[in-house]
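Visitor: output the structure for:
(2 chains)
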Amino acid sequence: MTIERECAPHLLPDQQEWMTTLLNTLPALVVVMDIQGRIVGFNQACERVSGYTFAEVQSRCLWQVLLVPEEQEQVQSMFQQLLTHQIPYQHQHGWRTKTGDRLIAWSHSVVKQSDTVQWVIGTGIDITEQQQSALALQQQIEHEQLLSAIAARIRQSLDLHTILNTTVAEVRHLLETDRVLIFKLEKNWNGIVLVESVDTDQWPSILGTQIRDPCFPDIYGGSPDQLHASAIENIYTANLTPCHLELLIQFQIQANLVVPIILENQVWGLLMAHHCRSPRPWESLEIKLLSRLATHLAIAIQQSQLYCQLQSELTEREQVEVVLQEAKYNLEQRVSERTAALRTANQQLRAELHTRQQAEAALQQSQKRFSGILEIAEDAIISVDASQTITLFNQGAEKMFGYRRDEILGQSLEVLLPPEFLQTHQRYMQTYEQADMLARHRSERQPILAKRRDGTCFTVEASISKLQLGTEQVFTAILRDITERVEAQSSLMQLTRQNELILNSMGEGLCGLNLETQITFVNPAAAKLLGYTINALIGQPIELILEPQLPQIPAPFLDSLTSGATHRFITDHFRRRDGSLFPVEYVSTPIREQTQIVGAVITFKDISDRQVVERMKNEFISVVSHELRTPLTSIHGSLRMLASGLLAAQPDKSQRLINIAADSTDRLVRLINDILDVERIESGQVSMTKHPCNIADLMTQAADTMQGMARQMQVNIAVQPLPILADVDGDRIVQTLTNLLSNAIKFSHAGGTVWLTAHRSSQPPSCTLAEATPARSAAEKPLQVCIQVEDQGRGIPADKIDTIFERFQQADSSDARNHEGTGLGLAICHSIVQQHGGQIWVESQLGKGSTFTFTLPIHAQDMFSASET
Amino acid sequence: MTAKCILVIDNEHYIQEVVQIALETIKHWQVVTASSGAEGLLKAEQAQPDVILLDVMMPDMDGATTYQKLQANPHTQQIPVLLLTAKVQTVDQNRYKELGVLATIPKPFDPLQLPNQIADVLGWQL
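Guide: I've put the predicted structure just below:
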């Protein structure tokens, strides 16, 4: 430093020398200026830094010689402040040295004299390197910050677009350039501007522009390791290819910094910074920054791709997860279902297994049983194969046929069949082999014959089954000797037929009842008695044939059905189909099966006739009793009186009583004789002793016999005898005539006449009581004599005409006197006439009289014989 | 004591005679006879007997009808009637009871006991 003496006049030369040395030793810059700012002191540091010597700058204004133009005014202003004692603490300003601009950090002080600033001393330190370092550091920091921010952003956000946009924006801001973009290379070295940061007010946007630089392959086609950033400060001086230059010019680029973005060892794209306003030198830091950014971008891109991939994978995965969930759900469902199904199947299997085990056990048992049954079965069990060879022959078959098993096995089945049956059997087997049915029961329609070892034949019942074992057919027959059964069936059928005959022949009605009192069986006699057909009665309730007024079914029926009691000879009334009732006597018997009552059998007979007969018999007895008693009364009374002796003194009366007794006795005898007669005649005990008799004589005899009675009754008998011979029992004919005359006289009024006449006849008239004589041809028809007894009595009621010749016909419920008759006279007449081959009938009119006629067969020669007589 | 008058209605003449002889001889009763129901009705009204012995089985008009007619006639309805009949079956007896006759004397009867039988039924003091 050279310091003008004037600056330190008070110092001694030594002190000045010492000061000068000190100031020159200082590494700091020391500049002394006067109040005009002219340099008056300038140490060696200053010279070193500025490149000026003191002599070059002495007395020159600092700001004119050393300051950068932009700071001159500021320094001048500050200098003025110094002069006014306003000392800024520190400031910095640059020196324009010969070697370039330097940044100096100054601190100032002033030298005053009398409180007036005389000198300004500036002390400075060249902080240019510091500043540059600081700047560089700052820049580095900023770069690092940018990188960190970008890295952080890359870490924080996977949105590539945002990252790229942010990057280009930050880079542009940091580099203070005009455009920063990211260019993505595509196929064939085409590419697209993916993101861009540009001041669109000044420069055009090329976002989305497709660019194809033919130089790309050359530049970026090599190994990525050899790729590096391309920094063009001035496109015009960079010796670019014309096409490249043209491209850059197109986009108004003057300086271009391109850094490849390497991704997976390939150039993914380019990070570009365009300086359009002017050429620009790219600093290494900037290049390094972009390179590092490119790396980060590559990471980001990769990350983004990964992220996208991940996203895609995630989405895919989510979709897959959804699908998987669904699948899982479905699977679970299916698993559940399958589990349930498996469980069920398992249970079924278990059950099946159990069943199978049981079946196997049962099969074993069955087989044992089968073997046992086979052996102990009474029936013959024989199996044959398709060729009719015997393959199975059980014990029952041995017993039945008389063969041992060992000697029959292997033999043909025909050995067991009678020769006459072979053809039938062969025909049957042919049909059966081809048929679908597996089993058939033979002997349903015709007996099957089998032959024993001893040659005897017997009837069997066969049950044959067919079994297909693969290709083999096995026929098994179970045979039962039904000889006894056939015989039993035959006997049963015979018995059944007999029973049917008996039932159908029975005169008594028979009907079966079930427990519901319905008719289950009726024999023909019952149906006839009841006036139904058999079918019309079957299934009908028993009430159908009972009296309608009955409140319930008769006790005997119910008793038989419930307690199983048998009731015999029960009289009741049954009802015919036409509604009329008839008296029956029935027997009610329970039907038992084992010990259980299953129904009842009612056998009944129509006792109308019997009742009539009973009634007639009772009435006859009553009448006969009366008739017997009547003369007995006279006899008894007379004899009692006579025996009493009360009439000893009255001989007339005594005689009278004797006569009465005698007459009554006669009458009694007659009655008894009549009774006996009719019985004997009708029962055939009395045979007619026929011989030729003159009818006229018989008529006369009869008339004579009845004259007494007639006189007594004051009835006249008019006889017209017919002299004709007839082969008759004279006494019986006279008996007949006397009976008829007796009736006629009895029923005639006093003073009336009874006619006894006869005439020949060849044809019998219609009569009310016809006893048909065998029909003969006209030539052979015998002649007859008709004898008639006619009266003018009161006649016979029409309802009595048909029965007048029956026994006791006059016996009825009234007590009307029947004129000493027994009711047997006409029955006797009828029997006598019938036994002579004749007929007897009556024609009568009430109030006018009756005419009894009977015929007796005669022969032509008899007629002539009689006339000769 | 006035002799009783007995009307015997019976178509059997012999029985009429036996009864008449018995009652007249034993008890000296007066006996009127009739041979039919119709005759009996007339004679009953005419004779007004103390009792009527009535046969049951008679022609034309039987004993039951005769009795009913006797009862229907105010002149004869008070005359007691005894049936004299050979129809002595149970069914006949029941029928006679239904008629309302005092008693039935079966035939053959004992003529020696007949008066007492009549007196017992009618409560006559003999």
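Visitor: what's near enough to touch the residue lying closest to residue A:280 once chain neighbours are set aside?
Guide: Among residues not flanking residue A:280 along the chain, residue A:255 sits closest, at 3.9 Å (Cβ to Cβ, 6 or more residues apart in numbering or on different chains). Where you see a C-beta, it was placed from the backbone N, CA and C, and this is true even at glycine. Counting by Cβ atoms under 8 Å, 6 or more residues apart in numbering or on different chains, residue A:255 makes contact with A:177, A:232-235, A:274-275, A:278-282.
Visitor: in chain B, which helix or strand is least confident?
Guide: Least confident helix or strand, chain B: helix B:90-99 with a mean of 80, by mean pLDDT, DSSP states H and E.
Visitor: tell me the contacts of residue A:735?
Guide: By Cβ under 8 Å, 6+ apart, the neighbours of residue A:735 are A:677, A:828-829, A:832.
Visitor: how near is it to residue A:27?
Guide: 213 Å (Cβ to Cβ, to the nearest Å).
Visitor: give me the helices and strands touching the helix or strand following the least confident helix or strand of chain B, please.
Guide: Later in the chain than helix B:90-99, the nearest helix or strand by DSSP states H and E is strand B:103-106. Using 3 or more Cβ pairs under 8 Å, 6 or more residues apart in numbering or on different chains; DSSP states H and E as the contact test, the elements touching strand B:103-106 are strand B:81-85, helix B:114-122.
Visitor: tell me the angle of the longest helix anywhere in chain B relative to strand B:81-85?
Guide: Criterion DSSP state H: the longest helix present in chain B is helix B:13-27. Here the directions of helix B:13-27 and strand B:81-85 differ by 130 degrees (axes from the mean of the first three to the mean of the last three Cα atoms, to 10 degrees).
Visitor: quick revisit: what does the least confident helix or strand of chain B contact?
Guide: A:618, A:622, B:56, B:64, B:67-68, B:83, B:85, B:104.
Visitor: and the residue positioned nearest the centre of chain B, what is it in contact with?
Guide: Nearest to the mean C-alpha position of chain B, by Cα atoms, centre = their mean, lies residue B:53 at 0.6 Å. The contact partners of residue B:53, by Cβ under 8 Å, 6+ apart, come to B:6-10, B:19, B:82, B:84, B:105, B:118.
Visitor: now residue A:477
Guide: A:380-384, A:462-465.
Visitor: swap the cut-off to 7 Å and go again
Guide: A:382, A:462-464 (Cβ atoms under 7 Å, 6 or more residues apart in numbering or on different chains).
Visitor: could you do residue A:556 as well?
Guide: A:567, A:570, A:588.
Visitor: below-threshold pLDDT in chain B: ranges please.
Guide: Chain B contains residues with pLDDT under 70 at B:1.
Visitor: enumerate the residues of it near chain A.
Guide: B:11-12, B:14-15, B:17-18, B:21-22, B:25-26, B:56-59, B:62-64, B:86-87, B:89, B:92, B:107-112 (Cβ under 7 Å from any Cβ of the partner chain).
Visitor: pull out the buried members of those residues.
Guide: B:11-12, B:14-15, B:17-18, B:21-22, B:25-26, B:56-59, B:62-64, B:86-87, B:92, B:107-109, B:111-112 (16 or more other Cβ atoms under 10 Å in any protein chain shown).
Visitor: could I get the CA-only coordinates of stretch A:607-624 as CSV?
Guide: Extracted in CSV, the C-alpha atoms of stretch A:607-624 (Å, rounded to 0.1, in the frame of the first residue of the first chain):
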residue,chain,number,x,y,z
ILE,A,607,-146.4,-123.3,7.7
SER,A,608,-149.5,-121.8,6.1
ASP,A,609,-150.7,-125.2,5.2
ARG,A,610,-149.8,-126.6,8.5
GLN,A,611,-151.5,-123.8,10.3
VAL,A,612,-154.5,-124.3,8.2
VAL,A,613,-154.3,-127.9,8.9
GLU,A,614,-153.7,-127.2,12.6
ARG,A,615,-156.6,-124.8,12.6
MET,A,616,-158.7,-127.3,10.7
LYS,A,617,-157.6,-130.0,13.0
ASN,A,618,-158.3,-127.9,16.0
GLU,A,619,-161.6,-127.0,14.6
PHE,A,620,-162.2,-130.6,13.6
ILE,A,621,-161.3,-131.7,17.0
SER,A,622,-163.6,-129.0,18.3
VAL,A,623,-166.3,-130.1,15.9
VAL,A,624,-165.7,-133.8,16.4
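Visitor: could you give the separation of it from the chain centroid?
Guide: 75 Å (Cα atoms, centre = their mean, to the nearest Å).
Visitor: so does that stretch get close to chain B?
Guide: Yes - against chain B, stretch A:607-624 shows contacts by Cβ under 7 Å from any Cβ at residue A:622.
Visitor: quick check: which ranges of the stretch 1-150 of chain A have low pLDDT?
Guide: For the stretch 1-150 of chain A (pLDDT under 70), the answer is A:1-12, A:86-89.
Visitor: 50 instead?
Guide: A:2-3 (pLDDT under 50).
Visitor: for it, which segments count as strands?
Guide: A:2-3, A:29-34, A:39-42, A:91-97, A:100-113, A:116-126 (DSSP state E, counting those that start in this stretch).
Visitor: ok, now the stretch 451-600 of chain A?
Guide: Under DSSP E, counting those that start in this stretch, the stretch 451-600 of chain A gives strands at A:457-469, A:472-481, A:509-514, A:519-522, A:567-575, A:581-593, A:596-606.
Visitor: output the ones you listed as CSV; include the columns mean pLDDT.
Guide: Formatted as CSV, the strands of the stretch 451-600 of chain A follow (pLDDT from 0 to 100):
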stretch, mean pLDDT
strand A:457-469, 87
strand A:472-481, 89
strand A:509-514, 93
strand A:519-522, 94
strand A:567-575, 86
strand A:581-593, 91
strand A:596-606, 93
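Visitor: any chance of those strands in CSV, plus distance to residue A:502?
Guide: Listed next are those as CSV, based on distance: least, Cβ to Cβ, whole Å:
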stretch, distance to residue A:502
strand A:457-469, 29
strand A:472-481, 32
strand A:509-514, 10
strand A:519-522, 13
strand A:567-575, 19
strand A:581-593, 16
strand A:596-606, 12
